[in-house]
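>>> No letters, just coordinates:
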Ligand SMILES: CC[C@@H](C(=O)O)C(=O)SCCNC(=O)CCNC(=O)[C@H](O)C(C)(C)COP(=O)(O)OP(=O)(O)OC[C@H]1O[C@@H](n2cnc3c(N)ncnc32)[C@H](O)[C@@H]1OP(=O)(O)O
Ligand SMILES: [Co+2]
């Protein structure tokens, strides 16, 4: 079951500059960085209960965020829904015809398991499902 809006992700061309903007200029809290090799993505989390902002930047200059920045520049990149049973939610949504971008959930930021639904299944919005695998 989907239980929360876990995060809203913003693709940024300069991660340090974006962290300064959100945390120093806007005065928001900073919950640290997490480089996720499996997703080829560097993240920075800004907790804003009951959700978070996730800044996403290419890890080692490659991967999906690199392609996105190259084609579109910075911008809103995806919405992530938290699930309490990601395998059941994937099965349920696949049966409804949603196009997933992987066969199975993979490691995400903050020890989560994540999987993405193609934007063409969701009116042009890239949607991530995420299940925490331990307390962060
Ligand atoms: C850190 C881990 C994790 C977490 O724990 O939170 C993350 O958030 S990782 C974040 C980065 N990872 C991903 O984005 C993985 C899923 N994304 C993909 O697999 C690809 O980016 C994609 C969505 C399949 C697009 O890749 P590709 O087909 O190679 O790119 P194109 O540029 O050719 O785009 C095709 C099509 O899709 C539209 N598009 C692309 N990105 C987005 C987006 N973020 N939001 C909305 N739409 C998007 C693009 O405009 C193209 O549309 P058409 O032109 O209409 O075909
Ligand atoms: Co995300």
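Arrived safely, thanks for sending. Computed from a predicted structure; not experimentally measured. Ligands and ions are numbered 1, 2, ... in the order given.
>>> Now do the contacts for the residue in the chain positioned nearest to ligand 1.
In the chain, the residue found nearest to ligand 1 is residue 108; the distance is 2.7 Å by C-beta to the nearest ligand atom. For every residue, glycine as well, the C-beta is placed using N, CA and C. Counting by C-beta atoms under 8 Å, 6 or more residues apart in numbering, residue 108 touches 36, 38-39, 114, 128, 130.
>>> Pick out the lowest-pLDDT one from these.
By predicted confidence, the contacts of residue 108 are weakest at residue 38, whose pLDDT stands at 91.
>>> which residue sits closest to residue 68 in space, ignoring its chain neighbours?
residue 11 (5.3 Å; C-beta to C-beta, 6 or more residues apart in numbering).
>>> Which residues are in contact with that neighbour?
Residue 11 is in contact with 56-57, 65, 68-69, 72, 74-77, counting by C-beta under 8 Å, 6+ apart.
>>> For these, which entry has the maximal number of neighbours?
Across the contacts of residue 11, the neighbour count under other C-beta atoms under 10 Å reaches its highest value at residue 56, namely 27 neighbours.
>>> so that one, which of the three states?
The local conformation at residue 56, judged by DSSP: H, G, I helix; E, B strand; the rest coil, is strand.
>>> try residue 93
State at residue 93, reduced to three classes by three-state DSSP: helix.
>>> how much space between residue 132 and residue 12?
Plainly put, residue 132 is 24 Å away from residue 12 if you go by C-beta to C-beta, to the nearest Å.
>>> Out of the contacts of residue 108, which end up buried?
For those, burial is judged from neighbour counts taken by 16 or more other C-beta atoms under 10 Å, and it is met by 36, 39, 114, 128, 130.
>>> any bit of stretch 96-110 sitting next to ligand 2?
No. Figure legend: stretch 96-110 not in contact with ligand 2 (C-beta under 5 Å from the ion); closest approach 6.5 Å.
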